[in-house]
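Chemist: Sequence and predicted model, in that order:
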Amino acid sequence: MKKTSKKHGKIKIGLIGGGYWGQNHARVLSEINCNFVGIADTDPAKQALADQYHVPYFNSYQKLILQTDAVIVVTPPQTHYAITKAALSAGKHVLVEKPITTKLFQAKRLVSLAKIKHLQLAAGHVFLYTPAYQYIKSVIKNKELGEIYYIYSRRVNFGIIRSDVNVIDNLIPHDLSIVVDLLGKPLSVQAFGYDLIQPGIHDIGFIHLKYPKKVSVHIHLSWLDPQKQRQLIIVGSKKMLIWDDTNKDQPIEIHDKSFTVPDQLHQLKTWKSFQDFKIITTAGEITHPKILLKEPLKLEVSQFINDINNHTPSISGGKHVIIVTSISQAIQKSIAKSRLTKI
């Protein structure tokens, strides 16, 4: 990893984009151990945001890049590739908000450029850095849930309806980043998207991923749902887990539920004598592990800085980014090519 020039031992970081989510990044950069050197945005009104945090305002990202060791890109998705490429080409580490790009060939070029330049490149897959997810990852690694049977996710809400990106490209990087980190690359994808409000921009998405050993993942995304839900359910052979990200007090429930299949049943060539064997179900207690309350965005940006200082690859960079982008692209192709059979 390339060494960075530092001022007073702190990495110089610039923020590109001062919109809704960029404002959160600005606050975080002002609170953590770094040298926040400025905000770049084409909107002159963002001068007020720069003034709020006592940093310079730049009307172009090219000017800001020259003053930094690293940049955080929080601009519309269609601009991510050009800005990230410019920053990497200038020798700067980059944290770019999701989706890093919607085109696989662009993601591959960015990852390759970062590797050639010995630079840190990370996507803003913020849920990977949360204490709740880190706990889930340890539970699965320790086989406490047993073998994973299937995973399904609901990430739905009433709004915000965007016009610059569809609901799938906007929200699915969260779920895909988690699934890819846990299970790797799927075998296939089947997806359906519906544009009910704005022609050509999907408001609802249903995605199914197929993995080896009959493991499957189902994801439901929507801007048109009556309730806000951010749930991930993991069903294992020993136990089952629910992660409710809207529940700040008890985000994780572990259900001691499973079933036992007699060995003889696996040996049957037909199901004619199925009734001769009994499948035993077990329903034990529900536990709520204690999860520390820490701001995910602050954890993500802090880890980005740590990875730069320690020359360690990001968990949301490199191969991870390429797999997530390849699945996203396959989802769009699946939606475009869907063939329905009339009944």
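Modeler: All right, it came through fine.
Chemist: where along the stretch 151-300 of the chain do the helices fall?
Modeler: 167-183, 263-266, 296-310 (DSSP state H, counting those that start in this stretch).
Chemist: So for A330, which of the ones you listed sits nearest?
Modeler: helix 167-183 (10.6 Å; C-beta to C-beta). Glycine gets a C-beta too; all of them are placed from N, C-alpha and C.
Chemist: Show me the shaky parts of the stretch 1-150 of the chain.
Modeler: 1-9 (pLDDT under 70).
Chemist: Centre-most residue in this protein?
Modeler: H174 (2.8 Å; C-alpha atoms, centre = their mean).
Chemist: just to revisit the earlier point, dump the helices of the stretch 151-300 of the chain into JSON lines; add mean pLDDT as well.
Modeler: Output for the helices of the stretch 151-300 of the chain, formatted as JSON lines (pLDDT from 0 to 100):
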{"stretch": "helix 167-183", "mean pLDDT": "93"}
{"stretch": "helix 263-266", "mean pLDDT": "58"}
{"stretch": "helix 296-310", "mean pLDDT": "96"}
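Chemist: right, so those helices: which one is the most enclosed?
Modeler: helix 167-183 (a mean of 23; mean count of other C-beta atoms under 10 Å).
Chemist: Please parse the chain into its domains.
Modeler: 6-125+297-303, 128-296+330-336 (automatic domain parsing).
Chemist: ok so, going back, can you pull the contacts of the residue nearest to the centre of the chain?
Modeler: Shown in contact with H174 (C-beta atoms under 8 Å, 6 or more residues apart in numbering): K98, H125, V126, F127, R155.
Chemist: was I right about the second one contacting V180?
Modeler: Looking back up the chat, that one is H125. No - the pair H125 / V180 is not scored as a contact, 9.1 Å apart, by C-beta atoms under 8 Å.
Chemist: overlap in contacts of those two?
Modeler: The contact lists of H125 and V180 share H320, V324, where a contact means C-beta under 8 Å, 6+ apart.
Chemist: okay, G159: pLDDT?
Modeler: We have a pLDDT of 85 for G159.
Chemist: brain fart, R339
Modeler: 60.
Chemist: Grab the CA positions of the helix or strand that K115 is a member of and hand them over as PDB.
Modeler: Element membership of K115, judged by DSSP states H and E, is helix 104-117. The C-alpha trace of helix 104-117 is given here as PDB (Å, rounded to 0.1, in the frame of the first residue of the first chain):
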ATOM      1  CA  LEU A 104     -18.900  -4.200 -14.100                       C
ATOM      2  CA  PHE A 105     -16.200  -3.200 -16.500                       C
ATOM      3  CA  GLN A 106     -15.800   0.100 -14.700                       C
ATOM      4  CA  ALA A 107     -15.600  -1.600 -11.300                       C
ATOM      5  CA  LYS A 108     -12.900  -3.900 -12.600                       C
ATOM      6  CA  ARG A 109     -10.900  -0.900 -14.000                       C
ATOM      7  CA  LEU A 110     -11.100   0.900 -10.700                       C
ATOM      8  CA  VAL A 111     -10.000  -2.100  -8.700                       C
ATOM      9  CA  SER A 112      -7.100  -2.700 -11.200                       C
ATOM     10  CA  LEU A 113      -6.000   0.900 -11.000                       C
ATOM     11  CA  ALA A 114      -6.000   0.900  -7.200                       C
ATOM     12  CA  LYS A 115      -3.900  -2.300  -7.200                       C
ATOM     13  CA  ILE A 116      -1.400  -0.800  -9.700                       C
ATOM     14  CA  LYS A 117      -1.100   2.400  -7.700                       C
END
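Chemist: Who does the closest residue to I83 other than its chain neighbours form a beta bridge with?
Modeler: In space, and not counting its chain neighbours, I83 is closest to V73: 5.2 Å by C-beta to C-beta, 6 or more residues apart in numbering. When bridges are called by DSSP bridges, V73 pairs up with I16, V96.
Chemist: thinking again about what came up before, the helix holding K115 packs against which elements?
Modeler: helix 80-89, strand 121-124, helix 319-336 (3 or more C-beta pairs under 8 Å, 6 or more residues apart in numbering; DSSP states H and E).
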